[in-house]
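Undergrad: structure for the following, please:
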Amino acid sequence: MMHFDPLSDIARFDPLRSMDDFFKDMGFKDALKDFTRPSPIRLDVTESEQAYLIKAELPGFKVEDISVDIDGNRVSILAESRQEHEEGNGQKVVRRERYTGQYFRSFSLGQDIDTDKSTARYRDGVLDLELPKLVGGSAKRLQIS
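TA: Residues are numbered from 1 along each chain as shown. Now for the predicted structure:
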């Protein structure tokens, strides 16, 4: 025999829930969620005695839309996606979901990088960085081929 509770189907009173719903309806984002969101640039970092090898996923970008900056042991990757204007011949955009803007990822490695010997290649949506280690520091923007 089970205990019958006539109020069990009624939702509990949560005064802050209606406030959350209000802000969602107004189009505001929860600011704290942005801090926990993983970066859109995913990385694989491997290390040997001589260098760091980095593979970064950047599908759909052109080489000229990607930049890599190195300052000491700090590596910064910036990729910019631009909005295409494909309207014409009586067509109009009904829905646009593709993101336009900048993706940015910056991280530190365990040792400074030799920027003169560093290389960057971009093929099939993957950016390959070969970053030889150096004692001392310098800053440089890599040319991507």
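
Undergrad: how about the helices of the chain, start to end?
TA: Using DSSP state H, the helices of the chain run over residues 15-25, 31-36.

Undergrad: tally of neighbours for the closest residue in space to residue 143 that isn't next to it in sequence?
TA: Distances taken as CB to CB, 6 or more residues apart in numbering place residue 120 nearest to residue 143, at 7.1 Å, with adjacent residues excluded. Where you see a C-beta, it was placed from the backbone N, CA and C, and this is true even at glycine. For residue 120, the count of nearby residues is 22 (other CB atoms under 10 Å).

Undergrad: ok, residue 120 touching residue 144?
TA: Yes. Contact criterion CB atoms under 8 Å: residue 120 and residue 144 qualify, at 4.5 Å.

Undergrad: common neighbours of these two, please.
TA: Common contacts of residue 120 and residue 144 (CB atoms under 8 Å, 6 or more residues apart in numbering): 68, 127.

Undergrad: just to revisit the earlier point, worst average pLDDT in the helices of the chain?
TA: Mean pLDDT across those is lowest at helix 31-36; the value there is a mean of 48.

Undergrad: residue ranges of the strands in this protein, please?
TA: With strands called from DSSP state E, the chain shows them at 43-47, 51-57, 66-71, 74-81, 101-108, 119-123, 126-132, 139-142.

Undergrad: follow-up on the earlier one: check contacts around the residue nearest to residue 143.
TA: If you count contacts by CB under 8 Å, 6+ apart, residue 120 has them with 68, 127, 128, 129, 130, 142, 143, 144, 145.

Undergrad: now these: which count as buried?
TA: 68, 127, 129, 142, 144 (16 or more other CB atoms under 10 Å).

Undergrad: which of the residues you listed has the weakest pLDDT?
TA: residue 142 (81).

Undergrad: and that residue, bridged to which residues?
TA: residue 68 (DSSP bridges).

Undergrad: how much space separates it from residue 75?
TA: 9 Å (CB to CB, to the nearest Å).

Undergrad: what is in contact with these two at once?
TA: The contact sets of residue 142 and residue 75 overlap at 68, 69, 129 (CB under 8 Å, 6+ apart).
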